[in-house]
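**Student:** structure for the following, please:
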Amino acid sequence: MTGANPSIALLASPEPVLLHAMEPMLAQTGMQVEIALSAQAALAFLTAPTTPRLALLDANLPGMPTSELLARARSHAHGRNYPILLIADAVTEEWLDRLAEGVIDDVILRTAESSYRQLRIEATLRAFELARAVEQLREAARLSAQLDGLTGVYNREALLSMLFRETDRVQRLNTAMTVLLFDIDDFGHWNSRLGAEACDELLCQVVSRTTRALRSYDLLGRPGMDEFLIGLPGCGVAHAVLLAERLRVEVFSVPIQANGEAIRLSACFGIAASQGRSPVVVLREAEEALLRAKAAGPESIQCFDGCPHPTPAPVTYLSATSGDELIAW
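**Tutor:** So this is what the prediction gives:
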């Protein structure tokens, strides 16, 4: 991934007079000026791991047509993070088209006065940085709309959308996918006893511990207050059961500190296989499996079509070895 170096400006031109006029002007902005005398040298600089804060390209650069240079630089960059100003003899129809397409950010005439060039450079930098800030705010707002405000994991709508995408992959590649739904036992009791703020911390700790047990491409969401859903691409039911057993031990058997007390939570788990079907159907089956798990008692694991092997007994309370005076329900 490339990143912009805020201290470097690329000035690419074969003309000594232009270089002599532009270099001190750019240096006044506090940027270090890198000179390129050919299109190949400019392209090498623009496709390096660290790109400049600003690129000024002479339309008369030797080595390749300017349109090819711009196209090759654009194909290499996954989201250009620096503005490009073209220095040209005239504002042609081609350059107006490149401006409209966002390939370049401005055209400065070769005959323009030095003060005018400086104004255009400063205005282009400000406009580009403002546009990037707006885009970052827009992206942050988009991500915020997908995330649960408390825990930072996906909300129900975003998670379902991703499960639909993963289901398409399952259908194309004929691979496995499983969803695992778990619900913290009697969370209403803890809400009444500890208060909302402490329970919010409990939920965040559950998410933090659960995330550590997952792969980077697993999907974790919070569809309900104390209910969490995990999408497991490439994972069959047997491995989902093993994960549920691991979560029972690593997430819930270890006490969580809240309000200065060691809280021992527990949860029930429902599992359903995708088999390339609609995530809505699979989620409904996971919910039914979770209901059966709740009926079986705390820390139970149930699969919609039956678990592939008997699950071990619920993990024991750790008060004897943890040194904590455990509060449990």
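
**Student:** which element is residue 67 on?
**Tutor:** helix 66-76 (DSSP states H and E).

**Student:** that helix: what's the following helix or strand?
**Tutor:** From helix 66-76, the next helix or strand downstream (DSSP H and E) is strand 84-88.

**Student:** what packs against that next one?
**Tutor:** Strand 84-88 is packed against strand 50-58, helix 66-76, helix 93-101, strand 106-109, helix 114-146, with contacts defined by 3 or more Cβ pairs under 8 Å, 6 or more residues apart in numbering; DSSP states H and E. Heads up, the C-betas are built off the backbone N, CA and C, glycines and all.

**Student:** partner strands of it and their direction?
**Tutor:** strand 50-58 (parallel), strand 106-109 (parallel) (DSSP bridges).

**Student:** among those, which comes closest to residue 288?
**Tutor:** strand 50-58 (53.0 Å; Cβ to Cβ).

**Student:** chain center to stretch 262-272: distance?
**Tutor:** 28 Å (Cα atoms, centre = their mean, to the nearest Å).

**Student:** output it as CSV, nothing but the C-alphas.
**Tutor:** Extracted in CSV, the C-alpha atoms of stretch 262-272 (Å, rounded to 0.1, in the frame of the first residue of the first chain):
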residue,chain,number,x,y,z
ALA,A,262,-15.1,-10.7,39.4
ILE,A,263,-18.1,-11.6,37.3
ARG,A,264,-18.5,-15.2,36.0
LEU,A,265,-20.7,-15.2,32.8
SER,A,266,-22.0,-18.1,30.8
ALA,A,267,-23.6,-18.5,27.4
CYS,A,268,-25.5,-20.9,25.2
PHE,A,269,-24.6,-21.6,21.6
GLY,A,270,-26.7,-22.4,18.5
ILE,A,271,-25.1,-23.6,15.3
ALA,A,272,-26.4,-24.0,11.7
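
**Student:** show the average pLDDT along that stretch.
**Tutor:** Stretch 262-272 carries an average pLDDT of 94.

**Student:** which residues touch the helix holding residue 67?
**Tutor:** 39, 42-43, 46-47, 57, 59, 61, 80, 84, 86, 94, 98, 103-104 (Cβ atoms under 8 Å, 6 or more residues apart in numbering).

**Student:** for that helix, what is the distance to the chain centroid?
**Tutor:** The answer for helix 66-76 is 28 Å, by Cα atoms, centre = their mean.

**Student:** could I get the buried residue list for it?
**Tutor:** Burial within helix 66-76, assessed by neighbour count using 16 or more other Cβ atoms under 10 Å, is assigned to 66, 69, 70, 73, 74.

**Student:** what are the C-alpha coordinates of that helix, in CSV please?
**Tutor:** Coordinates of the C-alpha atoms in helix 66-76 are reproduced here as CSV (Å, rounded to 0.1, in the frame of the first residue of the first chain):
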residue,chain,number,x,y,z
THR,A,66,1.8,12.1,-21.2
SER,A,67,-1.6,10.3,-21.6
GLU,A,68,0.3,7.0,-21.2
LEU,A,69,2.3,8.2,-18.2
LEU,A,70,-1.0,9.3,-16.5
ALA,A,71,-2.7,6.0,-17.3
ARG,A,72,0.2,3.9,-16.0
ALA,A,73,0.5,5.9,-12.8
ARG,A,74,-3.3,5.7,-12.3
SER,A,75,-3.4,1.9,-12.8
HIS,A,76,-0.7,1.4,-10.2
